[in-house]
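Novice: Sharing a model prediction with you, sequence too.
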Amino acid sequence: MKTLIAYSSVHHRNTKKIEETMADVLDAEVLMANYVDFARKLKS
């Protein structure tokens, strides 16, 4: 199963630090939410 973590981190980048740790554990792909075409990602 593929895992995608889409995140938005604006102020102190705390969310980015958390998602990077989650991605390491889950072996997931990480993208900023504003760069994700969710409809396309769901099809692939």
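Specialist: Arrived safely.
Novice: pretty sure Tyr7 is touching Val36, no?
Specialist: No - taking C-beta atoms under 8 Å as the definition, Tyr7 is not a contact partner of Val36, at 9.6 Å. Just so you know, the C-beta spots here come from the backbone N, C-alpha and C atoms, and that holds for glycine as well.
Novice: What does Met32 show for phi and psi?
Specialist: phi -70, psi 140 (degrees, to the nearest 10).
Novice: Quick one: the helices in the chain, in order.
Specialist: 14-26, 38-43 (DSSP state H).
Novice: what sits against Ala6?
Specialist: Residues in contact with Ala6 (C-beta atoms under 8 Å, 6 or more residues apart in numbering) are Leu31, Met32, Ala33, Val36, Phe38.
Novice: Now the two most distant members of those residues.
Specialist: Met32 and Phe38 (12.7 Å; C-beta to C-beta).
Novice: in stretch 8-24, what counts as buried?
Specialist: Glu19, Ala23 (16 or more other C-beta atoms under 10 Å).
Novice: Give me the contact list for that stretch.
Specialist: Ile5, Tyr7, Ala28, Glu29, Val30, Met32, Ala33, Asn34.
Novice: Whichever of the residues you listed end up buried, select them in ChimeraX.
Specialist: Applying 16+ other C-beta under 10 Å to those leaves a buried subset, and the ChimeraX line that selects it is:
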select :5,7,30
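Novice: That concludes my questions; thank you for your assistance.
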